[in-house]
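*Asks:* Just the structure for this:
(one chain, ligands or ions: 1)
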Amino acid sequence: MYLNKYEERMLRGEYGEAVRIAIEVIVHIGEALGAEKLIDISHAHISGISYFNIGDEGLEFLNDLVSKGAKAAVYTTANPSSIAILDPFTNVYGRDIVVKQYKIIELLKSLGVDDKSFTCIPYKIRRPKINEHLAWAESSAVIYANSILGAKTNREGGIVALMASIIGKTYYSGMHIDENRLPTEIIKIDFPIGNIFEASIIGLYIGNITKGIPYIEMNMNVEDDVYRDIIIRNLLASIASTSDSPMAIIEGITPKFDKIMIKGGLERITIDLAEAKKFSESICSNTLFIGCPHITVDELRHISNRIFLKAKSLGIEKIFVALPQNSEDIILIAEEFRKRGIEIVFLKGACPVVSNLKELNLHSLATLHGKAFHYIPKLGGIKTCLVNVV
Ligand code: F3S
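*Replies:* The predicted model follows:
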């Protein structure tokens with residue numbers, strides 16, 4: 001791999017041991033993937049910060065890196081942590097876990113991670129522009145950045161995004177190169193998507209059949225821009241749950257893509273609702289989880305009437321809402337839900353999916369998000385059903 005003089009000095013350790021380790025990892029991965037050079041990035045996003053995911057080894061690794069002088073060289077955000085540190089749950093998980101989870105967060109902050117982030121929708125904290133090169137982990141954010149924002153990022157692991165943050169660079173390969181951002185098949189959705197639930201089941205289905213980058217022809221019968229964006233976010237997050245796809249091209253929405261660029265001979269697949277509905281189930285719990293990917297307070301307020309309309313008729317009594325760390329004004333909206341007979345618990349800067357939910361004595365959870373439906377049984381260890389609530 002070609003390295004410029006500055007990068008060579010990094011690799012020789014002239015900017016400290018943490019930088020040397022970081023560039024060594026990035027060069028190593030880049031060379032394995034055949035990258036010719038490194039490129040500058042403007043924003044790194046780190047995932048895998050739950051103590052339940054990385055354990056003592058991950059904590060020690062982070063501690064060691066910070067003690068060697070690691071600092072973010074570019075703007076850096078991080079994914080949500082576990083719910084173990086949140087007020088209603090600290091006793092459930094116990095002091096040892098809580099202290100270790102806090103330690104991980106403090107180490108990340110000392111490294112330079114924006115303490116307002118801790119969310120899986122980093123594009124709501126800082127929205128990248130078209131063509132910006134990023135090093136993002138978190139599959140749902142990666143697919144949104146490539147598909148909706150026209151930014152360029154591979155689907156990195158948490159450690160690689162951390163290393164890229166420390167040197168402000170990543171390897172020039174994969175989604176950073178325009179020729180690699182072309183569709184692998186054409187998927188026509190045969191009915192207008194009208195809500196998060198339909199977007200989730202369609203997304204899970206597309207993830208199962210795509211060879212990499214689906215070109216999606218679809219209509220939505222939703223006028224409201226805020227709700228449309230939440231629906232698209234869920235479609236993409238669901239695709240990224242059942243596949244390794246870093247991008248989907250949505251006709252008329254993905255920037256800088258014209259149908260004329262599609263090569264001939266691509267397979268064409270039509271999906272109808274009945275085919276996709278095999279992912280859905282009847283309601284299995286009176287507790288609902290909203291916010292996978294995270295939802296902002298404004299967005300929640302925007303769709304709250306839709307939730308009120310359906311949740312009570314489905315027997316929902318309690319809602320967990322996951323939202324970014326910097327969320328404000330949650331007391332008023334909690335009161336509105338309470339008046340309607342629904343208890344709401346806000347999970348600021350946290351993700352229940354990576355939180356060992358078995359510890360909560362919860363036996364089942366309903367959700368409207370394809371990603372949560374896919375991962376909670378695997379990672380949280382409890383039964384989950386996908387339902388249409390908004
Ligand atoms: Fe976000 Fe956790 Fe879902 S990180 S996308 S709430 S699995």
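
*Asks:* Could you use CA atoms for every contact and neighbour count after this?
*Replies:* Will do.

*Asks:* ok, now which ones touch the residue nearest to residue 241 when sequence neighbours are not counted?
*Replies:* Spatially, and ignoring its direct neighbours in sequence, residue 241 is nearest to residue 371 (5.7 Å; CA to CA, 6 or more residues apart in numbering). Counting by CA atoms under 8 Å, 6 or more residues apart in numbering, residue 371 touches 200, 234, 237-238, 241, 292-293.

*Asks:* what's the average pLDDT for the helix or strand hosting residue 371?
*Replies:* According to DSSP states H and E, residue 371 maps onto helix 370-375. Throughout helix 370-375, pLDDT has a mean value of 96.

*Asks:* What residues sit buried inside that helix?
*Replies:* By 16 or more other CA atoms under 10 Å, the buried positions in helix 370-375 come out as 370-375.

*Asks:* Output these as JSON lines; include the columns distance to the ligand.
*Replies:* Output for these, formatted as JSON lines (distance: CA to the nearest ligand atom, whole Å):
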{"residue": "370", "distance to the ligand": "9"}
{"residue": "371", "distance to the ligand": "6"}
{"residue": "372", "distance to the ligand": "6"}
{"residue": "373", "distance to the ligand": "9"}
{"residue": "374", "distance to the ligand": "9"}
{"residue": "375", "distance to the ligand": "7"}
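
*Asks:* got those residues as CSV, with distance to residue 144 columns?
*Replies:* Shown next, in CSV, are those (distance: CA to CA, whole Å):
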residue, distance to residue 144
370, 15
371, 14
372, 17
373, 19
374, 18
375, 19
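
*Asks:* is it fair to say residue 45 lies in a strand?
*Replies:* Yes: under DSSP: H, G, I helix; E, B strand; the rest coil, residue 45 falls within a strand.

*Asks:* show me the contacts for residue 42.
*Replies:* Residue 42 makes contacts with 74-75, 132-134, 168, as judged by CA under 8 Å, 6+ apart.

*Asks:* since we're on the residue nearest to residue 256 when sequence neighbours are not counted, how many residues are nearby?
*Replies:* Residue nearest to residue 256 in three dimensions, not counting chain neighbours: residue 150, with 7.3 Å by CA to CA, 6+ apart. Residue 150: 22 surrounding residues under other CA atoms under 10 Å.

*Asks:* And residue 5, by the same measure?
*Replies:* 9.

*Asks:* For the ligand, see how far away it is.
*Replies:* 38 Å (CA to the nearest ligand atom, to the nearest Å).

*Asks:* How about residue 235?
*Replies:* Residue 235 is 12 Å from the ligand, by CA to the nearest ligand atom.

*Asks:* Now do the contacts for that residue.
*Replies:* 196, 199-204, 370.

*Asks:* backbone phi and psi for residue 268, please?
*Replies:* The phi/psi pair for residue 268 (degrees, to the nearest 10) reads phi -120, psi 120.

*Asks:* what's the spacing between the spatially closest residue to it that is not a sequence neighbour and the ligand?
*Replies:* Closest residue in space to residue 268, ignoring its immediate chain neighbours: residue 186 at 4.8 Å, by CA to CA, 6+ apart. Remark: distance between residue 186 and the ligand (CA to the nearest ligand atom) = 26 Å.

*Asks:* Much appreciated, bye for now.
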